[in-house]
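Visitor: Task: produce atomic coordinates for the following.
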Amino acid sequence: MPLVHVDVVTAERTVYSGDVDSVTLTTADGQISVLSGHVPLVTLLQAGEMVARLGDDETFLAVSGGFAQVTRDGIVVLADTCERAEEIDVQRAQEAERRAKELLRTEADGTVAAVAEAALLRSVARLRVVDRYRLRTRRRLGHTNE
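Guide: Got it, this is the predicted structure:
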């Protein structure tokens with residue numbers, strides 16, 4: 001199968017760049033997977049996970065939002081923020097999740113509630129990416145019953 005080139009950039013840095021078999025993204029309409037030869041598109045990204053696959057290797061990324069553009073030349077992801085799974089501070093993400101849930105319990109509506117909901121989506125995505133990365137690492141090491 002032909003490879004597709006993907007670049008994931010934020011305002012601060014290039015988080016990922018390489019040729020892959022496929023990329024899975026979380027869009028405003030749900031998850032999509034992009035392979036070489038995919039129809040061109042531009043899509044809005046939601047807070048969620050992104051997985052770049054090359055053979056048996058998977059790179060897990062947490063994206064907070066942004067845009068993805070698919071062309072015949074490849075995929076460009078312009079992310080608001082993006083972290084590789086191994087860069088995520090789990091304790092910080094858990095604390096952000098706790099704070100967001102508390103705000104949602106106390107704020108019924110309004111701007112504060114919308115900000116808290118966005119923060120909750122980001123923290124849940126970050127924690128999900130870490131969980132998938134850890135599970136994949138355990139499987140590779142042969143620890144399947146943990």
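Visitor: Distance check, Glu87 against Thr59.
Guide: According to CB to CB, to the nearest Å, Glu87 stands 12 Å off from Thr59. Heads up, the C-betas are built off the backbone N, CA and C, glycines and all.
Visitor: Buried residues of the longest helix seen in the chain, list them for me.
Guide: Longest helix in the chain, counting residues (DSSP state H): helix 111-141. Neighbour-count burial for helix 111-141 flags 116, 119-130, 133, 136 (criterion: 16 or more other CB atoms under 10 Å).
Visitor: Okay, helices next: where are they in this protein?
Guide: So, for the chain - with DSSP H - the helices run 90-106, 111-141.
Visitor: what about the chain, any weak spots by pLDDT?
Guide: The chain contains residues with pLDDT under 70 at 107-108, 143-146.
Visitor: ok, back up a step: Glu87 and Thr59: which is more packed in?
Guide: Thr59 (20 against 13; other CB atoms under 10 Å).
Visitor: Could you list everything that one pairs with in the sheet?
Guide: Ala52 (DSSP bridges).
Visitor: Return the residues in contact with it.
Guide: Going by CB atoms under 8 Å, 6 or more residues apart in numbering, Thr59 touches 16, 51-53, 84-85.
Visitor: neighbour-wise, which of those residues leads?
Guide: Ala52 leads the contacts of Thr59 on contacts (other CB under 10 Å) with 24 neighbours.
Visitor: From what I see, that residue and Asp19 are in contact.
Guide: No. Using CB atoms under 8 Å as the test, Ala52 is too far from Asp19 to be in contact (9.6 Å).
Visitor: Spit out the residues that contact these two alike.
Guide: Val6.
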